[in-house]
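Engineer: can't give you the sequence, but here's the structure:
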Ligand code: FES
């Protein structure tokens, strides 16, 4: 793309609006992007857009003066999304150019930004930019900002590695060209045929060839960033760097079950939860609507509501300086000001599923598919239980996945894995008693589902248990357990839950003791797992998922700025 650019003063807006008008407008923009992908700018019509959006033709006039304005808005949306999801998070890592460049490659080739649909639309606009100044300006500014950031990061790295003979401009141009080639390749392929991991590897390989020893090194035959590493190096399980990267690049974008709507059945009721990368406050307002808010005062980022659950008397008050907030998070008390930040919330079968807003990382807009097998009519059997574990959260997950009996090797792009677990041992007293209480259905296999990065669902005849491995500190984690029954809220339901827990190998103290012992083996004694047996496919998939998000986890040693 051309380097001749003119600065455009278009404001950067949040890519996704949240009010009704904003959502309708966004729906039209999404449909417009799809139409542009299918028909190109010149053959895209208002009729085609509203047909894709399943909206009435007249509504377009409500939001856009003309077809041309709608096309420009779509391009502006793509540009703002690129800025928010690529430029901003990468720029935050400027002080660490290796991490920033790895993240840049990661994000630039991410399916949320570089889907065939979006990439082809970018090129379609570029194709018409010579005759449309607005297109030229928006596309140009995006490329110019990106090139400037690449140039700055390469310049910093050249300086940091004391390689004054290197030409930052030429190296930056090479990286931009490599990324551009990948985009061109993506534009003409179906998503299922795109090998994003290979594309990322090639770009990082380019950087590695210029800055040896600085970037994650592949270990597989094909040169992939350890698609199936025997084990992460010890630092990955205990360093502050890995902990911070995982919270930002993995947990902020992860949909996590916070609880169940039945926990806040009445107006004003709330509960709080620490989701690993977010402190969340779930509250029901006087209209019955549930809100997921950041549990932090906007004036000072302390925990706003301390205590697990309760009922507000109409408003939320900060005890430090007395700020007041409505139950939907708005500031009240006559003073204008920032309210409580809203988190993304989905209600799935009554479960309240939450993630950080404006996540810089890709995650599905709607996580419903992964939770599909959960039955309706769930009732919580009690508050969530939490257990502190003196081991990294990844070791907990790997313990769960070690027993996953998968029928086929998992697809790297899968967001969840599922398998069945045979009924608990026939002679175990708890198993016998469980079968007596659960009745005829109890003899069937339990359904297990792991939802990346950290949630294990156990679907049984009596209900569902959800285990979450939460990072708590470097080398420390929490297991959070939520139990829901489909058998009503009586003693029998609680008894079945108790008996099921006794027969589940994941919850025994010995299982947690084993994980903690492995942590000490890796960190305190520097042991590597012996290659006595092939690595479980589910564990390989889990590590691959992490590496796709954080390539530097493949390093043998922590990066130099750790
Ligand atoms: S810290 Fe909350 S009102 Fe000041």
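Structural biologist: That came through fine. It should be emphasised that the depicted structure is a prediction, and the values quoted were computed from it without experimental measurement.
Engineer: At the geometric centre of the chain, which residue sits there?
Structural biologist: Centroid-nearest residue in the chain: residue 253, 2.5 Å away (criterion: CA atoms, centre = their mean).
Engineer: now that residue, what's its secondary structure?
Structural biologist: coil (DSSP: H, G, I helix; E, B strand; the rest coil).
Engineer: my read: it touches residue 356, true?
Structural biologist: Yes - at 7.0 Å, residue 253 counts as touching residue 356 under the criterion of CB atoms under 8 Å. The way it works is simple: take the backbone N, C-alpha and C, and place the C-beta from them, glycine included.
Engineer: for residue 182, what are its contacts?
Structural biologist: 109, 114, 199, 202-203 (CB atoms under 8 Å, 6 or more residues apart in numbering).
Engineer: Am I right that it is in a helix?
Structural biologist: Yes - Residue 182: assigned to a helix according to three-state DSSP.
Engineer: which of the residues in stretch 52-65 are buried?
Structural biologist: 52-53, 55, 59-60, 63-64 (16 or more other CB atoms under 10 Å).
Engineer: So which bits of the stretch 301-450 of the chain are right by the ligand?
Structural biologist: Residues of the stretch 301-450 of the chain lying close to the ligand by CB under 6 Å from any ligand atom are 318, 320-321, 323.
Engineer: Distance across stretch 155-175, terminal residue to terminal residue?
Structural biologist: Its start and end residues considered, stretch 155-175 measures 13 Å (CA to CA, to the nearest Å).
Engineer: Then stretch 467-486?
Structural biologist: Stretch 467-486: ends 18 Å apart by CA to CA.
Engineer: Show the average pLDDT along that stretch.
Structural biologist: Averaging pLDDT along stretch 467-486 gives 93.
Engineer: Next one: residue 548, what pLDDT does it get?
Structural biologist: 72.
Engineer: again but with residue 328, I slipped
Structural biologist: Value for residue 328, per-residue pLDDT: 94.
Engineer: With residue 225 instead?
Structural biologist: On the pLDDT scale, residue 225 gets 41.
Engineer: Could you list which of the buried residues of stretch 52-65 belong to helices?
Structural biologist: 52-53, 59-60, 63 (DSSP state H).
Engineer: Quick check: the two most widely separated of the residues you listed?
Structural biologist: Pairwise distances across those peak at 15.1 Å for 52 and 63 (criterion: CB to CB).
Engineer: Okay, buried residues for the longest helix anywhere in the chain please.
Structural biologist: With secondary structure taken from DSSP H, the chain has its longest helix at helix 133-160. Neighbour-count burial for helix 133-160, with 16+ other CB under 10 Å as criterion, is recorded at 134-147, 149-158.
Engineer: Over to stretch 539-556?
Structural biologist: Those would be 539-555, for stretch 539-556 by 16+ other CB under 10 Å.
Engineer: about what we covered before: of the residues of the stretch 301-450 of the chain next to the ligand, grab the buried ones for PyMOL.
Structural biologist: Buried subset of these, written as a PyMOL selection, criterion 16+ other CB under 10 Å:
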select buried, resi 318+323
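Engineer: Closest to residue 487 out of the residues of the stretch 301-450 of the chain next to the ligand?
Structural biologist: residue 318 (40.8 Å).
Engineer: pLDDT value on that closest one, please?
Structural biologist: 91.
Engineer: do the strand or helix carrying residue 292 and the ligand meet?
Structural biologist: Taking DSSP states H and E as the criterion, residue 292 maps to strand 290-294. No - shown here: strand 290-294 not in contact with the ligand (CB under 6 Å from any ligand atom), separated by at least 12.7 Å.
Engineer: now the very next helix or strand once past that strand, how far from the chain's geometric center?
Structural biologist: Moving toward the C-terminus from strand 290-294, the first helix or strand encountered (DSSP H and E) is strand 296-297. Between the centre of strand 296-297 and the centre of its chain there are 23 Å (CA atoms, centre = their mean, to the nearest Å).
Engineer: cool, stretch 77-96 as well?
Structural biologist: 16 Å.
Engineer: Likewise for stretch 68-78?
Structural biologist: 27 Å.
Engineer: what does it rub up against?
Structural biologist: 10, 13, 15, 25-26, 28-29, 32-33, 36, 41, 44, 46, 49, 60, 63-64, 118, 121-122, 125, 134-135, 138-139.
Engineer: averaged over its residues, what pLDDT does that stretch have?
Structural biologist: pLDDT averaged over stretch 68-78 gives 88.
Engineer: List the buried residues in that stretch.
Structural biologist: 70-78.
Engineer: next one: stretch 76-96
Structural biologist: Quick answer for stretch 76-96 (16+ other CB under 10 Å): 76-87, 89-90, 93, 96.
Engineer: One more: stretch 461-481?
Structural biologist: 461-472, 474-481.
Engineer: for stretch 509-527, same thing?
Structural biologist: Applying 16+ other CB under 10 Å to stretch 509-527 flags 512, 515, 518-519, 522-523 as buried.
Engineer: quick one: average pLDDT of that stretch?
Structural biologist: Mean predicted lDDT for stretch 509-527 stands at 86.
Engineer: And the contacts of that stretch?
Structural biologist: Residues contacting stretch 509-527 (CB under 8 Å, 6+ apart): 234, 237-238, 387, 389-392, 395-396, 399, 475, 479, 505, 528.
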